[in-house]
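A.B. asks: Predicted structure and sequence below. I'll ask about it afterward.
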Amino acid sequence: MRTQPPGPAGVPVFGNSRQYARDPFTFLTSVEAAYGDVAQFDLGPLETYLLGNPRDIERVLVTDAAKFRKPDFQDDAIGTLLGDGLLLSEGETWRRQRQLAQPAFAPDRIAEMGDVIARHTEGMLGDWADGDVRDVHLDMARVTVRIIVEAMFGSQLTDEQTRRVQENLEPLGRRFEPNPARFLVPDWVPTRENREYHESVRILEEVIDDIVDERLGTERDPAADPARGDPIGSGAEPDEPNDLLSILLRAHERGDQTKKQLRDELMTMLLAGHDTTALTLTYAWYLLSEHPEAEARLHEELAAVCGDDPPTAADVRDLDYLERVIQESMRLYPPVYVIFREPKVDVELGGYRVPRGSAVMLSQWATHRSERWYDDPETFDPDRWLPDRRAERPRFAYFPFGGGPRHCIGKHLSMLEAKLILGTVAQNYELDYVGESPLKLRGSLTMHPADPMKMRLRER
């Protein structure tokens, strides 16, 4: 077993962190193309191993998942934001919280969410008009945050609460953009960035506390659950609501959930539960605008399957091309563009020893755009997701939702939202991108457009 993988040369103290911070996307694709299965470099003081082979990615996420943990080398800011929510918790805490939350994401319950998604989508379209130029990313974020709050919290955001959430997402995003100097400045130092970040966290926690206060006393009222389906699992009575907040409130009442744990889970769901779906839709609109032939095929399929009616949760099973458009959008522009894991013991990956406590980096961005796994990888081609072509690729050449025991719990809700919103909007409007191409991107916890996503609406 070899001990030192190849990799790009860095500089003292900062390693390769300046290159990564300047343009993480070019850095990741360049390193993957140059060094293949395993590359080693330093992000500041952090010894990092980028894995480029789907075989090794599958080992980390699935086969040998027990040998890895979510990293504790990230700064305190993300812990302040998400605490012991599902995204960051480990060990028995994570297993208990995952089991507790699972009924809220049961397939039968998610299938009942079509009406909720449709209602909020129609509400968004009520604010649109032919010829408008809109920042579509803001619109997608607004509608998906309203959907996640109703679907998982059994509540409705007011216009003021929606505004407060959206206004405070930007300072949060800035705090997690790659910055080679950040490891030198603790989270508690009162820099302008840190002050703005902590103020945004405080405001979002106020919104969450208001929602919890509104729901207290309704956690056993079946009318509180927008799915209205029979609950599944973990001690719920047949007539009890199974939205996530009701489940957590009942657990808190039993003494199985502290107030901090409850808030951490709600914060995780509020942010992660809407952001990735909004970004998937944003990039899909951009790609359809740049590829009118794909947009025309989508319109043809919608007309054939749905006629003049909006698509329903039952219809999406027959909207094959729409699904391929979404899959290809997440390949080219994966909202989660990198995942980190930390080995709990020394491990062997790609023939190299990777030491305990180092950083293992799995990059959706780099893997999804690799010529090793995709023909003409920079091209938008939804038909590469036809079954025969898809079967030619390794399983983890595509992993927008992660994989293994810690795969995204909200995957099915996110996909249902994306399909219904994309289909409903496409029936009513064509969206023409009027910004600069190619897109400029910025990295944070997720991959965001660097500039407003301005699109002109053309009524169909």
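C.D. replies: Done, it's in.
A.B. asks: check which helix or strand covers residue 345.
C.D. replies: In the assignment (DSSP states H and E), residue 345 maps to no helix and no strand.
A.B. asks: Give me the number of neighbouring residues for the residue lying closest to it once chain neighbours are set aside.
C.D. replies: Counting by CB to CB, 6 or more residues apart in numbering, residue 345 lies nearest to residue 356, which is 5.3 Å off, once chain neighbours are set aside. Yep, even glycine has a C-beta here, placed from its N, CA and C like the rest. Residue 356: 11 surrounding residues under other CB atoms under 10 Å.
A.B. asks: what do you get for residue 116?
C.D. replies: Neighbourhood size, residue 116 [other CB under 10 Å]: 18.
A.B. asks: Can you tell me what sits against stretch 159-166?
C.D. replies: Residues from elsewhere that reach stretch 159-166 (CB atoms under 8 Å, 6 or more residues apart in numbering): 138, 141, 142, 145, 146, 157, 203, 204, 206, 207, 210, 270.
A.B. asks: and the residue nearest to residue 345, what does it touch?
C.D. replies: Residue 356 sits in contact with 343, 344, 345, 346, 347, where contact means CB under 8 Å, 6+ apart.
A.B. asks: Residue 110 too?
C.D. replies: Taking CB under 8 Å, 6+ apart as the test, what residue 110 contacts is 227, 412, 413, 416.
A.B. asks: Which pair of those spans the longest distance?
C.D. replies: Pairwise distances across the contacts of residue 110 (CB to CB) peak at 12.7 Å, for the pair 227 and 412.
A.B. asks: who has more neighbours, the two?
C.D. replies: Using other CB under 10 Å as the criterion, residue 227 and residue 412 rank with residue 227 on top: 22 against 17.
A.B. asks: Do I have it right that the more buried one meets residue 242?
C.D. replies: Yes - counting by CB atoms under 8 Å, residue 227 does reach residue 242; the two are 6.9 Å apart.
A.B. asks: overlap in contacts of those two?
C.D. replies: With CB under 8 Å, 6+ apart, residue 227 and residue 242 have common neighbours residue 109.
A.B. asks: how near is residue 275 to residue 159?
C.D. replies: Counting by CB to CB, to the nearest Å, the separation of residue 275 from residue 159 is 20 Å.
A.B. asks: cool, and residue 408?
C.D. replies: Using CB to CB, one gets 29 Å for the distance from residue 408 to residue 159.
A.B. asks: coming back round to it: which members of the contacts of stretch 159-166 are classed as buried?
C.D. replies: 141, 142, 145, 146, 157, 204, 207, 270 (16 or more other CB atoms under 10 Å).
A.B. asks: What residues does the residue positioned nearest the centre of the chain make contact with?
C.D. replies: For the chain, the residue nearest the mean C-alpha position is residue 276 (3.2 Å; CA atoms, centre = their mean). The contact partners of residue 276, by CB under 8 Å, 6+ apart, come to 335, 336, 408, 414, 446.
A.B. asks: Considering those, which possesses the most neighbours?
C.D. replies: Neighbour-wise, those (other CB under 10 Å) top out at residue 414, 26 neighbours.
A.B. asks: Nearest residue to that residue in space, please, no chain neighbours.
C.D. replies: Nearest-residue entry for residue 414: residue 277, 4.6 Å, with adjacent residues in sequence omitted and distances by CB to CB, 6+ apart.
A.B. asks: Check the burial of that neighbour by counting its neighbours.
C.D. replies: Using other CB under 10 Å: residue 277 sits among 26 other residues.
A.B. asks: cool, residue 272 as well?
C.D. replies: When neighbours are counted by other CB under 10 Å, residue 272 comes out with 23.
A.B. asks: show me what contacts it?
C.D. replies: Contacts of residue 272 by CB under 8 Å, 6+ apart are 87, 410.
A.B. asks: Now with 10 Å, please.
C.D. replies: Residues in contact with residue 272 (CB atoms under 10 Å, 6 or more residues apart in numbering) are 82, 85-87, 148, 335-336, 408-410, 414, 445-446.
A.B. asks: From these, pick the one nearest residue 456.
C.D. replies: residue 335 (24.0 Å).
A.B. asks: Distance-wise, check that closest one relative to residue 444.
C.D. replies: 10 Å.
A.B. asks: overlap in contacts of these two?
C.D. replies: Residues touching both residue 335 and residue 444 (CB under 10 Å, 6+ apart): residue 275.
A.B. asks: Distance-wise, check residue 440 relative to residue 31.
C.D. replies: Residue 440 is 20 Å from residue 31, by CB to CB.
A.B. asks: How about the contacts made by the residue nearest to residue 409 when sequence neighbours are not counted?
C.D. replies: Once flanking residues are discounted, residue 409 sits nearest to residue 105: 5.3 Å by CB to CB, 6+ apart. Contacts for residue 105 (CB under 10 Å, 6+ apart) come out as 98, 151, 152, 232, 242, 244, 408, 409, 410, 411, 412, 413.
A.B. asks: Let's see that with 8 Å instead.
C.D. replies: So residue 105 contacts 409, 410, 412, 413 (CB under 8 Å, 6+ apart).
A.B. asks: most neighbours, which of the residues you listed?
C.D. replies: Going by other CB under 10 Å, residue 410 tops the contacts of residue 105 with 25 neighbours.
A.B. asks: Quick check on that residue: phi, psi?
C.D. replies: Per-residue torsions, residue 410: phi -100, psi 20 (degrees, to the nearest 10).
A.B. asks: Identify the residue spatially nearest to it, adjacent ones excluded.
C.D. replies: Excluding the flanking residues, the one nearest residue 410 by CB to CB, 6+ apart is residue 273, at 5.6 Å.
A.B. asks: I'd like the distance between that neighbour and residue 176.
C.D. replies: 17 Å.
A.B. asks: before we move on, the earlier item: got the contacts of residue 276 as a markdown table, with pLDDT and distance to residue 248 columns?
C.D. replies: What follows is these, written out as a markdown table (pLDDT from 0 to 100; distance: CB to CB, whole Å):
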| residue | pLDDT | distance to residue 248 |
| --- | --- | --- |
| 335 | 96 | 25 |
| 336 | 95 | 24 |
| 408 | 92 | 19 |
| 414 | 96 | 20 |
| 446 | 93 | 24 |
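A.B. asks: List just the nearest of those to residue 8.
C.D. replies: residue 336 (23.4 Å).
A.B. asks: Surely that closest one and residue 402 touch.
C.D. replies: Yes - counting by CB under 8 Å, residue 336 touches residue 402, with 7.4 Å between them.
A.B. asks: rewinding a little: using JSON lines, lay out the contacts of residue 276 together with distance to residue 303.
C.D. replies: Output for the contacts of residue 276, formatted as JSON lines (distance: CB to CB, whole Å):
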{"residue": "335", "distance to residue 303": "29"}
{"residue": "336", "distance to residue 303": "33"}
{"residue": "408", "distance to residue 303": "32"}
{"residue": "414", "distance to residue 303": "25"}
{"residue": "446", "distance to residue 303": "33"}
